[in-house]
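1. structure for this input, please:
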Amino acid sequence: MKILLIAIILLPILFIAARLGIAHYSQLSIATGYSVQGNSKQLDDCPESPNCQCSQATRSAQQVAPFDYSLNRDEVIAKLESVIAQQAGVEIKKSDSDYLWATYKTKLMGYLDDVEFLLDNEGVLQVRSASRLGKSDLGANKKRIDALRALLDGKI
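-> Residues are numbered from 1 along each chain as shown. The predicted model follows:
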């Protein structure tokens, strides 16, 4: 009986401590914007860990298709920002004429994930979604990109 009582008391305390520690540690961003090589703009490649998806990834397991858009180039990021900002747990960190960076906070543990969009010089809307912590994301970044693609369909 004492062991059960101790477990009932300790488990919530451990959960809260883990949540606070993870939330603090996950404040370290992995979004670094983009690089320019010659006339080409490029989002950073994904790390080797499988917790990242990117339309410009060099490893096939981490590749996703870029986003299609039909709006004028000048309107794409503004519309993207407007739609994304309405989602729960999202904070827009940076937005300019060709780049948007937002963070998504997970519901249960408060992890922060970074999502970036880049309008490259070839008129393609590139995307990158990466978890800040952990090795595996259990497909969360792919699901997020798929959900964003469905949400933005016909709006950009």
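
2. following the helix or strand of the chain with the lowest mean pLDDT, which helix or strand comes up?
-> Lowest on mean pLDDT, DSSP states H and E among the helices and strands of the chain sits helix 2-25, with a mean of 65. Scanning forward in sequence from helix 2-25, with DSSP states H and E defining helices and strands, the next element found is strand 34-37.

3. buried residues in that following strand?
-> For strand 34-37, burial by neighbour count (16 or more other CB atoms under 10 Å) applies to Tyr34. From N, CA and C alone the C-beta is placed, and that goes for glycine too.

4. in contact with the nearest residue to Leu119 once chain neighbours are set aside, which residues are there?
-> The spatially closest residue to Leu119, leaving aside those adjacent along the chain, is Asp98, at 4.2 Å (CB to CB, 6 or more residues apart in numbering). Asp98 makes contact with 41, 77, 118-120, according to CB atoms under 8 Å, 6 or more residues apart in numbering.

5. can you give me the strands in this structure?
-> Under the criterion DSSP state E, the chain contains strands at 34-37, 40-43, 52-54, 90-95, 99-105, 112-119, 125-131.

6. give me the number of residues near the closest residue in space to Ile77 that isn't next to it in sequence?
-> Leaving aside its sequence neighbours, Ile77 sits nearest to Leu100 (CB to CB, 6+ apart; 5.4 Å). Taking other CB atoms under 10 Å as the criterion, the count of residues near Leu100 is 23.

7. got the contact list for Leu100?
-> Leu100 sits next to 77, 80-81, 84, 92, 94, 116-117 when contact means CB under 8 Å, 6+ apart.

8. what about the chain, any weak spots by pLDDT?
-> When residues are selected by pLDDT under 70, those of the chain lie in 7, 12, 14-32.
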